[in-house]
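Asker: Predicted model, plus sequence, below.
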Amino acid sequence: MNKNIENQLKEIKELLTTSKDEPLTIEKASLYLNCKKSYLYYLIFNGKIKHYKPNGKKVYFMKSDLNKWVLSKYNKEI
């Protein structure tokens, strides 16, 4: 199997087994949500997703906040 795919699978497994309130970097958050980092930056800039910047530079997300954000997008058309 390709080393890149193996590394991605390892990262995904790690994300699924992390605790509910563990902070995630933007890289791990984009993997967790299956979206691009640029989309997360867009959401941050427009105030649509909760995030943390403890030192004013690096962005972190709480896994529980990401789950709430995903679940807030309820679609009635099912």
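Answerer: The structure has been received and is ready for your questions. Note that the structure is a prediction, hence the values are computed from the model and not measured.

Asker: C-alpha only now, for contacts and for neighbours.
Answerer: Will do.

Asker: could you pull out the helices for this structure?
Answerer: Remark: helices of the chain, listed N- to C-terminal, are 3-17, 26-33, 37-45, 63-71; assignment by DSSP state H.

Asker: List the buried residues for stretch 29-45?
Answerer: Residues of stretch 29-45 classed as buried: 29-32, 37, 40 (neighbour count, 16 or more other CA atoms under 10 Å).

Asker: ok, of those residues, which one's closest to Tyr60?
Answerer: Using CA to CA, Ala29 comes nearest to Tyr60 of the buried residues of stretch 29-45, at 8.3 Å.

Asker: per-residue pLDDT, the closest one?
Answerer: In this prediction, Ala29 carries a pLDDT score of 94.

Asker: Near the nearest residue to it once chain neighbours are set aside, how many other residues are there?
Answerer: Excluding its sequence neighbours, the residue lying closest to Ala29 (CA to CA, 6 or more residues apart in numbering) is Phe61, at 6.9 Å. Other residues within reach of Phe61, judged by other CA atoms under 10 Å, total 20.

Asker: Likewise for Lys10?
Answerer: Counted with other CA under 10 Å, the burial measure for Lys10 works out to 12 neighbours.

Asker: Asn4 versus that one, what's the distance?
Answerer: When distances are taken as CA to CA, to the nearest Å, Lys10 and Asn4 turn out to be 10 Å apart.

Asker: Perfect, I'm done here.
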